[in-house]
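In: Pasting a predicted model and its sequence here:
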Amino acid sequence: MGMNLQSPSPAGEPEVMIDINTTPLIDVMLVLLIMLIVTIPIQLHSVDLNLPQGNPPPPVVEPEVVRINIEGNGVIHWNGEALEGLAALESRLASAAGQATQPELHIRPDRAVPYQRVAAVMAAVQRNGLTRIGLVGAEQFL
(Lines give C-alpha, C1' and ligand atoms only; values in the text may rest on other atoms or scores of the structure.)
Protein backbone atom coordinates (compact mmCIF):
# COMPACT_ATOMS: atom_id res chain seq x y z
CA MET A 1 0.00 0.00 0.00
CA GLY A 2 1.12 3.51 -0.70
CA MET A 3 0.46 6.59 1.30
CA ASN A 4 -0.51 10.07 0.19
CA LEU A 5 1.73 12.49 2.04
CA GLN A 6 0.80 15.67 0.24
CA SER A 7 -2.65 16.37 1.63
CA PRO A 8 -2.93 15.53 5.32
CA SER A 9 -6.31 14.67 6.67
CA PRO A 10 -7.92 16.84 9.33
CA ALA A 11 -7.01 14.24 11.93
CA GLY A 12 -3.29 14.65 11.15
CA GLU A 13 -2.77 11.16 9.72
CA PRO A 14 -1.86 10.59 6.08
CA GLU A 15 -4.61 9.14 3.87
CA VAL A 16 -4.37 5.77 2.21
CA MET A 17 -3.65 5.95 -1.53
CA ILE A 18 -6.19 4.10 -3.70
CA ASP A 19 -4.23 4.21 -7.04
CA ILE A 20 -2.23 1.14 -8.03
CA ASN A 21 1.51 1.46 -8.60
CA THR A 22 2.03 0.56 -12.30
CA THR A 23 5.84 0.84 -12.37
CA PRO A 24 6.46 -2.84 -11.50
CA LEU A 25 3.86 -3.91 -14.08
CA ILE A 26 5.60 -1.92 -16.80
CA ASP A 27 8.96 -3.44 -15.79
CA VAL A 28 7.54 -6.96 -16.05
CA MET A 29 5.98 -6.19 -19.45
CA LEU A 30 9.29 -4.89 -20.79
CA VAL A 31 11.13 -8.01 -19.59
CA LEU A 32 8.51 -10.23 -21.24
CA LEU A 33 8.77 -8.24 -24.48
CA ILE A 34 12.56 -8.59 -24.56
CA MET A 35 12.31 -12.33 -23.90
CA LEU A 36 9.79 -12.66 -26.73
CA ILE A 37 12.03 -10.76 -29.17
CA VAL A 38 15.07 -12.85 -28.27
CA THR A 39 13.28 -16.19 -28.58
CA ILE A 40 11.58 -15.55 -31.96
CA PRO A 41 13.65 -17.07 -34.80
CA ILE A 42 14.89 -14.75 -37.52
CA GLN A 43 12.47 -14.69 -40.43
CA LEU A 44 13.71 -15.47 -43.93
CA HIS A 45 13.12 -12.81 -46.58
CA SER A 46 12.96 -15.27 -49.46
CA VAL A 47 10.14 -17.45 -50.71
CA ASP A 48 10.80 -20.85 -52.21
CA LEU A 49 8.93 -21.38 -55.47
CA ASN A 50 8.47 -24.59 -57.40
CA LEU A 51 8.72 -23.38 -60.98
CA PRO A 52 7.63 -25.65 -63.83
CA GLN A 53 10.35 -27.18 -65.95
CA GLY A 54 9.99 -27.28 -69.71
CA ASN A 55 10.44 -25.40 -72.92
CA PRO A 56 9.29 -21.80 -73.16
CA PRO A 57 6.50 -21.05 -75.61
CA PRO A 58 7.52 -20.17 -79.16
CA PRO A 59 7.95 -16.48 -79.93
CA VAL A 60 4.86 -14.64 -81.06
CA VAL A 61 4.72 -13.97 -84.79
CA GLU A 62 4.50 -10.27 -85.56
CA PRO A 63 1.30 -9.51 -87.47
CA GLU A 64 1.29 -7.97 -90.90
CA VAL A 65 0.66 -4.22 -90.79
CA VAL A 66 -1.48 -2.63 -93.49
CA ARG A 67 -1.32 1.16 -93.67
CA ILE A 68 -4.45 2.84 -95.01
CA ASN A 69 -3.87 6.54 -95.66
CA ILE A 70 -6.75 8.85 -96.53
CA GLU A 71 -5.66 12.05 -98.25
CA GLY A 72 -7.44 15.38 -97.95
CA ASN A 73 -8.98 15.04 -101.42
CA GLY A 74 -10.47 11.62 -100.48
CA VAL A 75 -7.98 9.33 -102.23
CA ILE A 76 -7.37 6.12 -100.24
CA HIS A 77 -3.93 4.48 -100.22
CA TRP A 78 -3.32 0.82 -99.33
CA ASN A 79 0.34 0.52 -98.22
CA GLY A 80 1.21 3.47 -100.48
CA GLU A 81 -0.76 2.24 -103.49
CA ALA A 82 -3.64 4.49 -104.53
CA LEU A 83 -7.03 2.74 -104.78
CA GLU A 84 -9.82 3.60 -107.22
CA GLY A 85 -12.51 4.00 -104.56
CA LEU A 86 -14.38 2.28 -101.75
CA ALA A 87 -15.14 -0.76 -103.96
CA ALA A 88 -11.41 -1.45 -104.40
CA LEU A 89 -10.91 -0.99 -100.67
CA GLU A 90 -13.75 -3.44 -99.95
CA SER A 91 -12.13 -6.13 -102.13
CA ARG A 92 -8.75 -5.66 -100.39
CA LEU A 93 -10.42 -5.79 -96.98
CA ALA A 94 -12.29 -8.99 -97.93
CA SER A 95 -9.05 -10.68 -98.96
CA ALA A 96 -7.35 -9.50 -95.74
CA ALA A 97 -10.24 -10.85 -93.66
CA GLY A 98 -9.87 -14.25 -95.33
CA GLN A 99 -6.27 -14.68 -94.20
CA ALA A 100 -5.43 -17.10 -91.39
CA THR A 101 -4.09 -14.29 -89.19
CA GLN A 102 -5.76 -10.95 -89.72
CA PRO A 103 -3.43 -8.04 -90.38
CA GLU A 104 -3.34 -4.92 -88.25
CA LEU A 105 -4.91 -1.96 -90.00
CA HIS A 106 -3.35 1.44 -89.30
CA ILE A 107 -5.74 4.10 -90.60
CA ARG A 108 -4.15 7.54 -90.99
CA PRO A 109 -6.57 10.25 -92.11
CA ASP A 110 -5.31 13.61 -93.32
CA ARG A 111 -6.30 16.67 -91.32
CA ALA A 112 -8.28 18.08 -94.25
CA VAL A 113 -10.28 14.93 -95.10
CA PRO A 114 -14.04 15.13 -94.36
CA TYR A 115 -15.25 12.99 -91.47
CA GLN A 116 -17.75 11.16 -93.70
CA ARG A 117 -14.87 9.70 -95.74
CA VAL A 118 -13.10 8.37 -92.62
CA ALA A 119 -16.39 6.97 -91.28
CA ALA A 120 -17.00 5.22 -94.62
CA VAL A 121 -13.57 3.56 -94.48
CA MET A 122 -14.12 2.43 -90.88
CA ALA A 123 -17.59 1.09 -91.75
CA ALA A 124 -16.07 -0.91 -94.62
CA VAL A 125 -13.51 -2.39 -92.24
CA GLN A 126 -16.25 -3.33 -89.78
CA ARG A 127 -18.46 -4.89 -92.50
CA ASN A 128 -15.60 -7.20 -93.49
CA GLY A 129 -15.09 -8.40 -89.91
CA LEU A 130 -11.59 -7.04 -89.30
CA THR A 131 -11.04 -6.30 -85.62
CA ARG A 132 -7.42 -5.17 -85.33
CA ILE A 133 -7.78 -1.49 -86.20
CA GLY A 134 -5.89 1.57 -85.04
CA LEU A 135 -6.19 5.26 -85.85
CA VAL A 136 -2.68 6.61 -86.34
CA GLY A 137 -1.75 10.26 -86.16
CA ALA A 138 -4.64 11.39 -83.98
CA GLU A 139 -2.33 13.86 -82.24
CA GLN A 140 -2.68 16.19 -85.23
CA PHE A 141 -6.33 16.76 -84.30
CA LEU A 142 -5.63 17.98 -80.76
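Out: That came in fine, so what should we check first?

In: Next secondary structure after the longest helix belonging to the chain?
Out: Secondary structure of the chain read by DSSP state H shows that its longest helix is helix 23-39. From helix 23-39 onward toward the C-terminus, using DSSP states H and E, the following helix or strand is strand 65-70.

In: distance between the ends of stretch 64-75?
Out: One end of stretch 64-75 to the other measures 23 Å (Cα to Cα, to the nearest Å).

In: hmm, who's touching that stretch?
Out: Outside of stretch 64-75, the residues within contact range by Cβ atoms under 8 Å, 6 or more residues apart in numbering are 76-80, 82-83, 89, 96, 99, 101, 103-114, 117-118, 121, 136. The way it works is simple: take the backbone N, C-alpha and C, and place the C-beta from them, glycine included.

In: Please work out which helix or strand belonging to this protein has the smallest mean pLDDT.
Out: strand 3-4 (a mean of 51; mean pLDDT, DSSP states H and E).

In: and the next element down the chain from that strand?
Out: strand 15-16.

In: Give me the mean pLDDT for that following strand.
Out: When pLDDT is averaged along strand 15-16, the result is 78.

In: just how off-centre is that strand within its chain?
Out: Offset of strand 15-16 from its chain centre (Cα atoms, centre = their mean, to the nearest Å): 69 Å.

In: neighbouring strands for it, and are they parallel or not?
Out: With DSSP bridges as the test, strand 15-16 is paired with strand 3-4 (antiparallel).
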